[in-house]
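Student: I'd like to go over a predicted model; first the sequence, then the structure.
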Amino acid sequence: MVIVGLAFMSALVGWSATAALAAYAQRRPGVPVIGWLVASLGLTVGLSAAVIGALFDFNGVTFRLLHIGISLLGPLYMAWGALEYGVRSAQGRFASRLFLSAFTIVPLVILSMDRISGRFSTGFPALGDHYDLIPRSIVNVSQVVIAVFLVTAVVAVARRPGADRNHRLAVVGLVALAALLSITVGRLGLGAVGPLLMLGAVAALWGAAALMVRPRRDRYDEDDDYYDDYEDDADRDPEDELLEEPVRRKRRNADPYDDYYDGPPVRQSPPAKLRGVITIYTLGDGQGPGFDRIADAVVAEVASREPDTLLFACHTVPSAPSQRIVYAIYRDDLAKEEHDQQPHVMEFGRRTGSHVVATNVIELSLAGAAASDGLASLLMPR
């Protein structure tokens, strides 16, 4: 009965973690969280089957469900989510998705259909005790891929400069711990210790997701009242509030040019690596005013918090009242990526979902430009 109790506890925590991850994915959607949600669901289904197996003895169905969850889907999607979280390269992410597809479909079919041998008991059975050579081999190869994903994620995060590196390493480390515990139980079984280790695996995965999307005490916590604050901004005395440090780090030492010279520096040509994005939104009937209110709010946030977003403006289209065009210019690819990760930008995407019926995104690489010195300050005053 000890194994039954521990298996039930781990399955219960697994369902709680899955519900929490689903809430995280809805509040702040992202590929890593969705990957970890799939992993948590796989682990939880496997652990739920283990409760039945521990209570009434394992059979072919409960054994397959257990190991599909804890030996394949759970650790595979944990590791893939960690790689998506840590790696910036689009080519690397694309390659990982190809491997993910291959090592999900093929092993899943083999583990579901291959012959099972041996007698079962109420203890957690190891994968090698009842599967033949082919399923054992394919799971071994899948776990090598899992190790490569995790090592790649750790190296990518460790090499990334920035103040949040330790935070990201902690997230990836917890995911790696969860995957290691799950694989260990799948390979060794470990009797009564197995469900206890799986409880730790689920808790580590839950902790990693919570650490990644940890709530921030900012104005978005006020829900709809957040946007009402902008209506009162004109009545506030700027000296009553401390200037807020921009979210993005300053990559250059500030030069107090105007303190030593008689005017601003001469405008230079834009760097060759500027990036631009045009996003065309098609709104539902009567959704224009609501979308415009949200857009005004996020423009103000971008202007005050993102010095490397050089231009961010929302345009109406006189000939198409149901369309809005958002035009943005970023200093480089890093500036664009950090813009996409800001909480006010993610909140903008979440809040405008009910107003928008279609979205078209066009990415640009600036080849040449000419603009007035005051254009950016006119469209997006800082």
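Tutor: Cool, got the structure.
Student: just give the nearest non-adjacent residue to residue 316, would you?
Tutor: residue 324 (6.3 Å; CB to CB, 6 or more residues apart in numbering). Just so you know, the C-beta spots here come from the backbone N, C-alpha and C atoms, and that holds for glycine as well.
Student: count the neighbours of the one you found for me.
Tutor: Residue 324 has 23 neighbours, counted by other CB atoms under 10 Å.
Student: am I right that it sits in a strand?
Tutor: Yes - remark: residue 324 belongs to a strand, assigned using DSSP: H, G, I helix; E, B strand; the rest coil.
Student: low pLDDT regions in the stretch 51-200 of the chain?
Tutor: In the predicted model of the stretch 51-200 of the chain, residues 122, 162-163 satisfy pLDDT under 70.
Student: re the thing from before, in the sheet, who's paired with the residue nearest to residue 316?
Tutor: In this structure, residue 324 has the following beta-bridge partners (DSSP bridges): residue 281, residue 316.
Student: you'd agree it is up against residue 281?
Tutor: Yes - the pair residue 324 and residue 281 passes the contact test of CB atoms under 8 Å, sitting 4.5 Å apart.
Student: okay, and the common contacts of the two?
Tutor: residue 291 (CB atoms under 8 Å, 6 or more residues apart in numbering).
Student: all helices for the chain, in order.
Tutor: Using DSSP state H, the helices of the chain run over 2-27, 31-56, 60-67, 74-86, 90-113, 133-159, 165-188, 193-212, 225-228, 257-260, 288-305, 333-340, 343-352, 375-379.
Student: pLDDT on the last one, on average?
Tutor: Yep, that's helix 375-379 we're talking about. Taken as a whole, helix 375-379 carries a mean pLDDT of 57.
Student: what sits against residue 213?
Tutor: With contacts defined as CB under 8 Å, 6+ apart, the neighbours of residue 213 are 24, 27, 28, 33.
Student: buried only: go through these for me.
Tutor: Listed as buried from the contacts of residue 213 are 24, 28, 33; burial here means 16 or more other CB atoms under 10 Å.
Student: need the phi and psi values for the second one.
Tutor: When you say that, I think you mean residue 28. The main-chain torsion angles of residue 28 are listed as degrees, to the nearest 10 and equal phi -130, psi 80.
Student: that one reaches residue 346, doesn't it?
Tutor: Yes - using CB under 8 Å, residue 28 is in contact with residue 346, at 5.5 Å.
Student: so what pLDDT did residue 233 get?
Tutor: Here the pLDDT value assigned to residue 233 is 46.
Student: surely residue 153 and residue 83 touch.
Tutor: Yes - the pair residue 153 and residue 83 qualifies as a contact (CB under 8 Å) at a distance of 4.6 Å.
Student: look up phi and psi at residue 117.
Tutor: Backbone torsions for residue 117, taken as degrees, to the nearest 10, come to phi -130, psi 160.
Student: report the contact partners of the closest residue to it other than its chain neighbours.
Tutor: For residue 117, the nearest residue in space outside its immediate sequence neighbours is residue 130; the separation is 5.9 Å by CB to CB, 6+ apart. By CB under 8 Å, 6+ apart, residue 130 lies in contact with 63, 116, 117, 118, 120.
Student: for the fourth one, what are its contacts?
Tutor: To tie it back to what came earlier, the one meant is residue 118. Residue 118 makes contact with 129, 130 under the criterion CB under 8 Å, 6+ apart.
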